[in-house]
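Need a 3D model of the sequence below.
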Amino acid sequence: MGNLCDSLPKPLIEVHGKPMLQHQLEILKREGISDFLIITGYRSESIEAYFGDGRKFGVNITYYKENTPLGTAGALFRLNFESDFLLCNGDLIFDFDLSSMLSFHHSRNALATLFVHPNSHPFDSVTLDTDESGRVISIYKKNKKPEFFQNLCNAGIQIVSPELLTMYNFTDKADFDSDVIFPAVSTNRIFAYKSTEYVHDVGTPERLQRVSLDIASGMVKKRNRREAQKAVFVDRDGTLNIHKGYITSPADIELTEGTAEAINALHRLGYLVVMITNQPVIARGECSLSDLEKIHNRLSILLSDKGAFLDGIYFCPHHPDKGFEGEIEEYKTVCNCRKPAPGLIFQAQKDFNIELSESYMVGDSTADIEAGKNAGCKPVYVGDGTADTVYRFGSLAEFAEMLTSNAIN
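Modelled structure (predicted):
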């Protein structure tokens, strides 16, 4: 934070008129939390002087002061926890539905549930891979990634069971990710709660300015999943990346011009950006599910190189026509998720609480347009072909530019 932190601890830095930590207390109080334990170190007296015992904020606050730095987890082993607790980094601005995260945590009997999301800088974040249930199967440290990895970043919010802490006996400094979570992945009881709700660290002056603007605009509150979201659903081939026929290798992914910038512009307008794609290469036996995951990870990496990300990726693996050498019988079926059917859009609607009438479906084929119509979205055609729709643009970038300029009704 440069000289922003020279005279006060980071949690007291003002964001849109109040300290970061006060923003956190107010949101969590609204979510039903009344008892807080604040772990302090540098300039702890400033924090205690401002927040006191919490009565003026309508909560109860106690403190644990580290006389020597104990890392992000060392203090936890000097405290007694009788039930699951929420652990939050002190440099975050957030607004999320805690009850939904708690329900997820309890349904998995998790030792820890990590709030995770895609972000624009995964290479300097702790990232992880999960299975379909959300169970964490791999964790990668900052700046140490495999060639292909999911853009799922640990946001610095987690629900922790005291049982997790009994697995260790740290008496000195400890790092929550490296020393506690990483080894516990082998228990199969570390889970990731995936969400697009607003969680941003305020680690640089630029991010401080960004979150201040987001609070002022109301975007922080609007991203809570209790609020109806609006989205831009986007096709993959020919919309996000250059159309090269059936893609079966990550090396074939090449972004269309202006794609990353368009996604960022749509995010600034408050839209989720969710990919909806037919992938018959699975049914045809030309590409495995693990290969397709690598392809989509490659797409996410290329976007993150330009500071952009997708909020969700949904694909249909089916294809109704038979007769292909090597085809996979279980996927040769008529389904409700292959565009122009709207099944994938409806699944995303359920996952993200999306108001479809305020959303767009953008693609380069009639199947994309019909899927948008069938789902109740506003269909947008991009490219040089023909399609029956009011909205037509040369590219996703052109669509985002026109939406930004309020040229679309």
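
Give the rounded mean pLDDT of stretch 58-78.
Averaged over stretch 58-78, pLDDT sits at 96.

Quick one: residues in contact with that stretch.
25, 29, 33-41, 44, 47-48, 51-54, 79, 87, 89, 160, 165, 168-177, 179-180 (CB atoms under 8 Å, 6 or more residues apart in numbering). No exception for glycine: its C-beta is placed from N, CA and C like everyone else's.

Spatially, what comes nearest to residue 38 if we skip its sequence neighbours?
Distances taken as CB to CB, 6 or more residues apart in numbering place residue 63 nearest to residue 38, at 5.3 Å, with adjacent residues excluded.

Over to that neighbour: give its phi and psi.
Residue 63 adopts backbone torsions of phi -130, psi 150, taken as degrees, to the nearest 10.

returning to what we had before: could you tell me which of the contacts of stretch 58-78 are located in strands?
35, 36, 37, 38, 39, 40, 87, 160 (DSSP state E).

Grab the longest helix from this protein for me.
If you go by DSSP state H, the chain has its longest helix at helix 289-305.

which strands and helices sit next to the helix or strand just after it?
Downstream of helix 289-305, the first helix or strand assigned by DSSP states H and E is strand 312-316. Contact here means 3 or more CB pairs under 8 Å, 6 or more residues apart in numbering; DSSP states H and E; on that basis strand 312-316 packs against strand 271-278, helix 289-305, helix 343-352.

pLDDT below threshold where in the stretch 101-250 of the chain?
The stretch 101-250 of the chain contains no residues with pLDDT under 70.

sorry, back to before: okay, who's weakest in the ones in strands among the contacts of stretch 58-78 by pLDDT?
Out of the ones in strands among the contacts of stretch 58-78, that is residue 40, at 93.

circling back: dump the ones in strands among the contacts of stretch 58-78 into a markdown table; add distance to residue 390 and neighbour count as well.
Formatted as a markdown table, the ones in strands among the contacts of stretch 58-78 follow (distance: CB to CB, whole Å; neighbours: other CB atoms under 10 Å):
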| residue | distance to residue 390 | neighbour count |
| --- | --- | --- |
| 35 | 54 | 10 |
| 36 | 52 | 20 |
| 37 | 55 | 14 |
| 38 | 54 | 19 |
| 39 | 55 | 18 |
| 40 | 57 | 18 |
| 87 | 49 | 17 |
| 160 | 50 | 23 |
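
For the residues you listed, work out which two are farthest apart.
40 and 160 (19.1 Å; CB to CB).

From the contacts of stretch 58-78, list just the buried residues.
Neighbour counting by 16 or more other CB atoms under 10 Å classes 25, 33, 36, 38-40, 44, 47, 51, 54, 87, 89, 160, 165, 170, 174-177, 179-180 among these as buried.

Among those residues, name the ones in helices.
Using DSSP H, the buried ones among the contacts of stretch 58-78 in helices are 25, 44, 47, 51, 165.

Between the residues you listed, which sits nearest residue 249?
Nearest to residue 249 among those, with distances taken as CB to CB, is residue 165, at 44.3 Å.

Residue 84 is in contact with that closest one, correct?
No - contact status for residue 165 versus residue 84: not in contact, 11.2 Å apart, counting by CB atoms under 8 Å.

what sits in contact with each of these two?
Joint contacts of residue 165 and residue 84 (CB under 8 Å, 6+ apart) do not exist.
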